[in-house]
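Asker: need coordinates for the below:
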Amino acid sequence: QVQLVESGGGSVQPGGSLRLSCAASGLRLDYFSLGWFRQAPGKEREGVSCTSSKDGNTYYKDSVKGRFTISRDYANNTLYLQMNNLNPEDTGIYYCAVRYPTCAWDWDAYRYWGQGTQVSVSS
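Answerer: Numbering: from 1, shown residues only. Below you'll find the model as predicted:
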């Protein structure tokens, strides 16, 4: 049984940082492309970042470039999202997701999902 468990969310002030984790069980993340998505209240789920297993590239939504960094720990089978200089527009529930073989921005292209972790940015 595949399970993805996110953690690391919380409440921070603008300019703050958080590091999200996504621990996987039931499959090896090495072989898959891994994405982070978020959903703000009343808005559609949107892609934030993705790391591709096929070409090793990483991709970011324009508004998070230079602030967010996606990475994976092969030994611990875990995906991370380091988020710096957060602003209120980053508020939402953050989800990790898995697909094969390449990255995609459409959320319905991903097969496995975590339950999400809440990120709130406000002063």
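Asker: in this structure Gly8 contacts Trp36, no?
Answerer: No - taking contacts as C-beta atoms under 8 Å, Gly8 lies outside contact range of Trp36: 11.4 Å. (Each C-beta comes from the backbone N, C-alpha and C, glycine too.)
Asker: what helix or strand is the residue nearest the centre of the chain on?
Answerer: Centroid-nearest residue in the chain, with C-alpha atoms, centre = their mean: Trp36, separated by 2.3 Å. For Trp36, the host element (DSSP states H and E) is strand 33-39.
Asker: circling back: so who does the residue nearest to the centre of the chain touch?
Answerer: 20, 22, 47-50, 70, 79, 81, 94-97 (C-beta atoms under 8 Å, 6 or more residues apart in numbering).
Asker: in helices only, show me those.
Answerer: Secondary structure assignment (DSSP state H) places none of the contacts of Trp36 within helices.
Asker: from Gln1, how far off is Pro36?
Answerer: For the record, residue 36 is Trp, not Pro. Computed with C-beta to C-beta, to the nearest Å, the distance linking Trp36 and Gln1 is 22 Å.
Asker: same deal with Leu79?
Answerer: According to C-beta to C-beta, Leu79 stands 18 Å off from Gln1.
Asker: of those two, who's got more company?
Answerer: More crowded of Leu79 and Gln1, by other C-beta atoms under 10 Å: Leu79, with 27 against 5.
Asker: quick one: residues contacting the more buried one.
Answerer: Leu79 neighbours (C-beta under 8 Å, 6+ apart): Ser21, Cys22, Ala24, Leu29, Leu34, Trp36, Thr51, Ile70, Ser71, Arg72, Asp73, Cys96.
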